[in-house]
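> Let me see the structure of the following:
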Amino acid sequence: MNTQASIKAFDEAQTYIPGGVNSPVRAFKSVGGTPLFITEGKGGTMTDIDGNSYVDYVQSWGPLIFGHRDESIENAVIEAVRHGLSFGAPTQAETELAHEVVSIFDSIDKVRFVSSGTEAVMSAIRLARGFTAKDDIVKFEGCYHGHSDSLLVQAGSGLATFGNPSSPGVPADFTKHTLLAKYNDLSSVEKCFKDSDNIACIIIEPIAGNMGLVPADKEFLHGLRKLCDEHGALLIFDEVMSGFRATLHGAESITGVTPDLVTLGKVIGGGMPVGAFGGRKEVMAMLSPEGPVYQAGTLSGNPIAMAAGLAAVSKLKKNARLYPILQERAERLVNGLKAAAQKNGIAMVTDVRGSMFGFFFSESPVKNFDDAAQADHALFAKFHAAMLNEGFYFACSGYETGFISTATTDAMVDDTIKAAEKIFAEVK
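Sure thing, here's the model as predicted:
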């Protein structure tokens, strides 16, 4: 496969952009090789600047549940552009999309739109602190909630500890109120509440997608709900990635656990930059201008993003039957990959939630970040490079999740499995 144009483009990009990319994972550092520069996406495929075509299992890291260039979303964006790109004033599209989100999520009475998932989480945590008048937060190793300062922390000693910055430029004072716990381990969360009587909220990806696909156990989530109720803390579900991907009505609908706040993104932008956070009326009432907790954004709720999101969410609401179809297709993909791996003596564990899928080269189940780290990431890097060469584009990290779109056909899945069989036979 010829990638000379991408290699040249990456060299040029590094002259002007730190690392040559505007988001670190795109640099392919964990899998090796040169990132591919894309010129076009259509349906379930992408084409790079060398003219190579790939079956796309990244789908812009989740937003494109209907694939690239969905006609209804594309038309909605074009129509919105004709009326103006941004006004810095309210539009009815904001209310229309808010109505759709509120009507779909039982836990959300009101919602506010922002421009990214990072912004949504940052704002939700500020709101939780304002509502509870407490300062500390609990997060979990392996859950990613954006790159705001208080969430860039690393584990210290013990199961749960006050966090230390995991990035230069983040003062220790910014993370001293962040307590770390172990995913799917309730005792580590209980320790946090023993260590602090000042906890405002627990924030968790109920379906973690940033250490690979690792769903939280239902019993664990019920335990978190109970701890929050006992200690006057709020429970925040970060569904920036899983919202509208795993299921139409959110993780609460499949776990039976109701959060106080939910953060959303990805799908509700239909491919445009959008984030959102919402929850109970009394909590959201603390938000400015209704309440004292300040949050603002010039491009929040901009008409182009709202048009794309409204088209995507409305289409999903009308076609909820798609979820079991997408889940069945995702299961067929990972089951095929697992069978091909096992045939060649390679251990693999898999999981699926709706149109989200994940796999690890591991002999043991993956329940938390420690388990994910024990997987064979060197083998994943080899697999990733070989699959690219065969025309299949997977996430460029063993800690990421894959996505099926409505444009991902059965034939694409079959071809993927056949390519994997060939590759596993070569690398075993």
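> which ones are touching K338?
M348, V349, T350, F359 (C-beta atoms under 8 Å, 6 or more residues apart in numbering). Any C-beta I mention is one placed from the backbone N, CA and C, and that applies to glycine too.
> Quick check: which element contains it?
helix 322-343 (DSSP states H and E).
> strands paired with the helix or strand that comes right after that helix, and their directions?
The helix or strand immediately downstream of helix 322-343 is strand 349-353, counting by DSSP H and E. Strand pairing for strand 349-353, determined by DSSP bridges: strand 356-360 (antiparallel).
> Report the helix or strand with the lowest average pLDDT across this structure.
Across the helices and strands of the chain, mean confidence by mean pLDDT, DSSP states H and E is lowest for strand 161-162: a mean of 42.
> and this structure, what are its domains?
4-57+321-427, 71-318 (automatic domain parsing).
> hang on, the earlier thing: quick check: of the contacts of K338, which has the highest neighbour count?
Comparing the contacts of K338 on neighbour count, F359 comes out first with 25 neighbours (neighbours: other C-beta atoms under 10 Å).
> Please verify my assumption that A385 contacts G33.
Yes: counting by C-beta atoms under 8 Å, A385 does reach G33; the two are 5.6 Å apart.
> can you pull the contacts of the closest residue to A251 other than its chain neighbours?
In space, and not counting its chain neighbours, A251 is closest to P206: 3.8 Å by C-beta to C-beta, 6 or more residues apart in numbering. Applying C-beta under 8 Å, 6+ apart, we find P206 in contact with P215, A216, L221, F237, D238, E239, S242, A251, T255, V257, P259.
> Now do the last one against A200, distance only.
Meaning P259. Per C-beta to C-beta, to the nearest Å, P259 is found 14 Å from A200.
> out of those two, which sits in the more crowded spot?
In this view P259 and A200 are compared by other C-beta under 10 Å, and P259 has more residues nearby, 30 against 25.
> Tell me the secondary structure at the more buried one.
Under DSSP: H, G, I helix; E, B strand; the rest coil, P259 falls in the coil class.
> Next: the one 4 residues further on.
Applying three-state DSSP to T263 yields a three-state assignment of strand.
> Find the helix or strand that the closest residue to it other than its chain neighbours is a member of.
Among residues not flanking T263 along the chain, A120 sits closest, at 4.2 Å (C-beta to C-beta, 6+ apart). Assigned by DSSP H and E, A120 falls within helix 117-132.
> Repeat that for E40.
Going by DSSP H and E, E40 is part of strand 38-42.
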